[in-house]
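Chemist: no letters, just coordinates:
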Ligand SMILES: Nc1ncnc2c1ncn2[C@@H]1O[C@H](COP(=O)(O)OP(=O)(O)O)[C@@H](O)[C@H]1O
Ligand SMILES: CC(C)(COP(=O)(O)O)[C@@H](O)C(=O)O
């Protein structure tokens, strides 16, 4: 009989980050700040003789936009756990566009695998394996650490066990996306990593306006802002809207009145919500 476990993880938009290279994946990661968003990934994991991962994307109404086979980081995690399963991930945000969906897919999938196979993993073990898979595949450095909880997150030491501060503003967040920016190409380049480190701001933001100020200063100095994102940010400046670039994706995010209107001049604005909680199991069904 096929059994299925379903789990969810929020996504995460980095406003700014800096890579910290350790001797192992566990000690490698990033420092930085970002927003954990309720728009994440649901993973349904079912018993199966062979491992198969299907990556699905829906619109807000549930209509399937795309379905592709395979996810190297998720397959890596299953292999490390020594299990075979059918994994189906569902998200609505675009993949590879700076919304931390690789980390969300890993956290949701591992949480569901743990429940399905009664592996007895605790939250720290689930996060440690998700982080390892992210680092090994260069798909992320700090998103797993962030998605252990909700809110606006500031990470001052690397890894899921690092120092993390959170606060929970009520503001609505908006995003626009012009497509992916391959994370491995950026975090795998020494020149880019050095420039990013030089742009990294000191300290943690104490409120949302300060988070946007620090993120925006970082984006400007990082050399990562493509022209189409630069145009959106300039329009936000002109309208007095707090905004910055989604790291690492070709897009922007913003808060407050006016954000939706300014973004709608460039691409369909995507409404986002600041998450209150991190990854979690939803159900196990026979
Ligand atoms: N929803 C998802 N389900 C399964 N795997 C995913 C998902 N999103 C991303 N991945 C994996 O991560 C890779 C992209 O990583 P990355 O560029 O860091 O994406 P993101 O910016 O969305 O975190 C994809 O090629 C895929 O292997
Ligand atoms: C910015 C990034 C290195 C990648 O983020 P994403 O493209 O969303 O996977 C993130 O993991 C971080 O360390 O802050």
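Modeler: Received it, and whenever you're ready, just let me know what you need. What you see is a predicted model; the values in this text were computed from it and never measured. Ligands and ions are numbered 1, 2, ... in the order given.
Chemist: near ligand 1, which residues of this protein are found?
Modeler: Applying Cβ under 6 Å from any ligand atom, one finds that the chain approaches ligand 1 through 41, 55, 71-74, 89, 91, 95-102, 105, 139-140, 182-183, 249. Quick note: C-beta positions are derived from backbone N, CA and C, even for glycine.
Chemist: now the buried members of those.
Modeler: Among the residues of the chain next to ligand 1, those classed as buried by neighbour count (16 or more other Cβ atoms under 10 Å) are 41, 55, 71, 73-74, 89, 91, 95-102, 105, 139-140, 183, 249.
Chemist: in strands only, show me those.
Modeler: With strands taken from DSSP state E, the overlap with these comprises 41, 55, 89, 91, 249.
Chemist: and the two most separated of those?
Modeler: Pairwise distances across those (Cβ to Cβ) peak at 17.8 Å, for the pair 89 and 249.
Chemist: how far away is the residue lying closest to residue 158 once chain neighbours are set aside from residue 22?
Modeler: Nearest in space to residue 158, with sequence neighbours left out and distances taken as Cβ to Cβ, 6 or more residues apart in numbering, is residue 29 at 3.2 Å. To residue 22, residue 29 is 7 Å away according to Cβ to Cβ, to the nearest Å.
Chemist: what residues are shared contacts of the two?
Modeler: When contacts are counted by Cβ atoms under 8 Å, 6 or more residues apart in numbering, residue 29 and residue 22 have 158-159 as shared neighbours.
Chemist: so for those two, which sits in the more crowded spot?
Modeler: Shown here are residue 29 and residue 22; by other Cβ atoms under 10 Å, residue 29 has more neighbours (29 against 12).
Chemist: touching, that one and residue 140? I think so.
Modeler: No: contact criterion Cβ atoms under 8 Å: residue 29 and residue 140 do not qualify, at 9.1 Å.
Chemist: tell me which element residue 185 is part of?
Modeler: Using DSSP states H and E, residue 185 sits in helix 183-187.
Chemist: for residue 144, same thing?
Modeler: If you go by DSSP H and E, residue 144 is part of helix 143-146.
Chemist: which residues sit against that helix?
Modeler: For helix 143-146, the surrounding residues in contact (Cβ under 8 Å, 6+ apart) are 11-12, 14, 29, 34, 36, 100, 102-104, 106-107, 127, 130-131, 134, 153, 155, 158-160, 162, 164.
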